[in-house]
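Visitor: Would you be able to build a 3D model of this:
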Amino acid sequence: MKRIYLLLAVGLFLWGEGKAQNETPVVDLSLPEAIRLAQLQSVDAAVALNELKTAYWEYRTHRADQLPEVTFSGSLPNYYQRYNKYQKEDGSYTFVKNNSLELNGELSVKQNIALTGGQIALNSDLSFTRQLGTGAFNEYMSVPIGLTLTQPIFGTNHQKWRRRIEPVRYKEAKAAYMESVEEVTIRTINYFFNLLQAQETLRNAGQNLENAHKLYDIAIAKRQIGHISEMELMRLKQSALQAESAHTAAQSNLNAQMFQLRAFLGLSEQETIQPLVPEFAPSLSLDYKEVLEMALENNAFAKNILRRQMEAEYNVATAKGNQRSIELFASIGYTGKDQAMRGAYRDLMDNQIVEVGVTIPLLDWGKRKGQVKVAESNRDVVLSRIRQEQMHFNQNIYLWVERFNNQAEQLRIAAEVDQLAEKRYQTSIETFMVGKISILDLNDAQNSKDNARAQHISELYYFWNYYYNIRSLTLYDFFNRRTLDADFEALVRN
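Guide: Take a look at the predicted model:
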């Protein structure tokens, strides 16, 4: 008998342990913690980081263009066995057989000249030819050192323009990354408060359902002693059924909102999120001029405006530079040749080339002039659009500041109404139980309580939504008085 009891006890213990292990873990989640998880784990944050990496390596490529480039090129080997056309001294032509093996290697150091837009190169090369067939022999030709300059004259200095535009483009990309992170924060706030609102709705629905069943049970007892009519009893039963329906709908909505937030934060589907109501809404009043100044200093929009202005001017300069083209090519150095490699570096001879190429249109029917006018018109269009976008940007900043400054008072009022509605509902239940108010008055108190709670959560959402939208536009934390920044070098290398 004792053995049976022991086995039953062990079985109950193991069943309890299994049940505990099967329970879904509950995660208490505050708004700051949800934001932190979103910035680390969400797909949106990963996309923003990849866009930053693309911009970073584009900027690194631009910087590399300004540094010396060392290259080696060669052919290892070239073999020819063919007939070539050859003109003799009397002017007639014949064909001679070429049966040879050639090898060539060249080492060069190239440097772009940002000041003038040209390029200078220092090079050294060695060529080897072995004539095959009857009377085969070797021959080497060397250029121990050569200096080459390629310089456009009167044309557009593309390097100078890129040196001006690319740093601004990268600053724009960094600001855009920070804005993307803040946009992730804003989406997190939306999902978080959707879940929080669903949780509060479910809590209210559960409270209403419990009270509806209690009131219906009391009403049954009152009906038996004739204190209420059959109509009032039916109304209370109807209220209980409606409360059950509302509770089921609220539970379904909570599950949907929880799934959405879990997926966004990259959490396991086995975890149950318990969102915590933000209790702290700091008192803060923003000044429009200060907010606008921070936005113009930090926002990607300001960098975008500057970049587009410079690109429009660059296009005009390019169109004007294409009206005529003059390019200087100069090469100086030494060369030598011999049938032995060592001899190819002795008794060196001068090797100089100076070439000036000119392209000047004599009759193009106004094509190049038209290209200049098109570029100038496009520049004017860009500048007009920028002025319009600047006005909309400033107006948007003003509206966000006004909404935020008014929201603190709206939140205070909503919190007070929420407390009063809750107290009124509890009092209405007690009053109804002693028969001093009707079921309609009780339902009105319940609806007022539910609406006040929902409005409180809604006003709390608007407060944080307005604040983080302003933070996204300014990339500035007004609570802690600091500019939002990140270690971009560490981010792109992870």
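Visitor: What are the boundaries of the helices in this protein?
Guide: 2-22, 31-41, 43-65, 158-224, 230-265, 288-298, 300-321, 367-433, 439-474, 488-493 (DSSP state H).
Visitor: right, and these - which one's nearest Gly133?
Guide: For Gly133, the closest of the helices of the chain is helix 43-65, at 47.2 Å, according to CB to CB. Just so you know, the C-beta spots here come from the backbone N, C-alpha and C atoms, and that holds for glycine as well.
Visitor: how about the helices of the chain in JSON lines, adding mean neighbour count and mean pLDDT?
Guide: Below are the helices of the chain laid out as JSON lines (neighbours: other CB atoms under 10 Å; pLDDT from 0 to 100):
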{"stretch": "helix 2-22", "mean neighbour count": "9", "mean pLDDT": "40"}
{"stretch": "helix 31-41", "mean neighbour count": "17", "mean pLDDT": "90"}
{"stretch": "helix 43-65", "mean neighbour count": "15", "mean pLDDT": "89"}
{"stretch": "helix 158-224", "mean neighbour count": "19", "mean pLDDT": "89"}
{"stretch": "helix 230-265", "mean neighbour count": "17", "mean pLDDT": "89"}
{"stretch": "helix 288-298", "mean neighbour count": "17", "mean pLDDT": "93"}
{"stretch": "helix 300-321", "mean neighbour count": "19", "mean pLDDT": "89"}
{"stretch": "helix 367-433", "mean neighbour count": "15", "mean pLDDT": "89"}
{"stretch": "helix 439-474", "mean neighbour count": "19", "mean pLDDT": "89"}
{"stretch": "helix 488-493", "mean neighbour count": "12", "mean pLDDT": "82"}
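Visitor: Let me have the ones you listed in CSV, extended by distance to Val277.
Guide: Formatted as CSV, these follow (distance: least, CB to CB, whole Å):
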stretch, distance to Val277
helix 2-22, 28
helix 31-41, 9
helix 43-65, 25
helix 158-224, 6
helix 230-265, 15
helix 288-298, 28
helix 300-321, 34
helix 367-433, 11
helix 439-474, 7
helix 488-493, 33
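Visitor: Which among those is found nearest to Arg342?
Guide: With CB to CB as the measure, helix 43-65 is the member of these nearest Arg342 (37.4 Å).
Visitor: Would you mind getting the angle between that closest one and helix 31-41?
Guide: Angle of helix 43-65 versus helix 31-41, following axes from the mean of the first three to the mean of the last three CA atoms, to 10 degrees, is 50 degrees.
Visitor: same for helix 43-65, what does it pack against?
Guide: helix 31-41, helix 158-224, helix 488-493 (3 or more CB pairs under 8 Å, 6 or more residues apart in numbering; DSSP states H and E).
Visitor: Could you export those helices to JSON lines, including columns for distance to Pro77?
Guide: Output for the helices and strands packed on helix 43-65, formatted as JSON lines (distance: least, CB to CB, whole Å):
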{"stretch": "helix 31-41", "distance to Pro77": "56"}
{"stretch": "helix 158-224", "distance to Pro77": "37"}
{"stretch": "helix 488-493", "distance to Pro77": "42"}
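Visitor: From what I see, Ile429 and Leu442 are in contact.
Guide: Yes - if you go by CB atoms under 8 Å, Ile429 and Leu442 touch, sitting 7.0 Å apart.
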